[in-house]
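1. predicted structure and sequence below. I'll ask about it afterward.
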Amino acid sequence: TQESARRIKRLGEVSQEISSAVRLIEEIADRTTVLALNASIQAAAAGEAGRGFAVVAEEVQRLAERASDATRDIENMVKNIQTETGEAVYAIEEATREVVEGSELAQQAGTQMSQLNNLVDQLAELVQDVSTTTAGRINEAVGELTTLSTTLQQSVAALQVAEGSENGRVAAAPLATD
């Protein structure tokens, strides 16, 4: 797009050069009109001898008028080209600016997506760490509960044995006194 803008700007410069050439042609046409008018006056003053010269002066006058009309038409066309060129340059510059902004936004979005991916990875790692730690603690707690349960069962068994011994001793005591 920068190359297009450069070329369109160059087109605008060329149209300025054309405008300068058109102004020169218009100036020549104006001077030719004045010369043709002077030639007509001289031909009229010469009378019958200047009649042929008067015809030439009249034709030169018509050519000068046509050249003047054509230069006005060319000048209008050049002005239109300059206007269109200016608008095209502006549109290209705007499009370039928007492309640059869009590129910057896309780059920012890419950076943010990368940061988001990093955060997701960190979160997954954290969840894995928490899961591993929790599983380890649960296993430890289960182990401790198993040990505690075994100890309780042994204690209950020992109490039952002791109670059985006590009951046997209590039952044997009357026998021993007999």
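-> Happy to help now that I have it.

2. check which helix or strand covers residue 140.
-> Counting by DSSP states H and E, the secondary-structure element that holds residue 140 is helix 51-177.

3. whoops, residue 11 was the one
-> Using DSSP H and E, residue 11 maps to helix 2-46.

4. for that helix, which helices and strands make contact with it?
-> With contacts taken as 3 or more C-beta pairs under 8 Å, 6 or more residues apart in numbering; DSSP states H and E, helix 2-46 sits against helix 51-177. C-betas here are computed from N, CA, C, even on glycine.

5. counting by contacts, list what the helix it packs on packs against.
-> Packed on helix 51-177, when contacts are counted by 3+ C-beta pairs under 8 Å, 6+ apart, are helix 2-46.

6. run the chain-centre distance for the helix it packs on.
-> In terms of C-alpha atoms, centre = their mean, to the nearest Å, the centre of helix 2-46 is found 46 Å from the chain centre.

7. rounded mean pLDDT for it, please.
-> This predicted structure assigns helix 2-46 an average pLDDT of 84.

8. also stretch 128-146?
-> Looking at stretch 128-146 alone, the average pLDDT works out to 88.

9. what's the answer for stretch 54-71, then?
-> Mean pLDDT, stretch 54-71: 88.

10. can you list contacts of it?
-> Outside stretch 54-71, the residues within contact range by C-beta atoms under 8 Å, 6 or more residues apart in numbering are 22-23, 25-26, 28-30, 32-33, 35-37, 39-40, 42-44.

11. one more time with 6 Å, if that's ok
-> Applying C-beta atoms under 6 Å, 6 or more residues apart in numbering, the contact partners of stretch 54-71 are 22, 25, 26, 29, 32, 33, 36, 39, 40, 43.

12. again with stretch 89-106
-> 1, 4, 5, 8, 9.

13. and the residues you listed, which of them are buried?
-> The neighbour-count criterion (16 or more other C-beta atoms under 10 Å) marks 5, 8 among the contacts of stretch 89-106 as buried.
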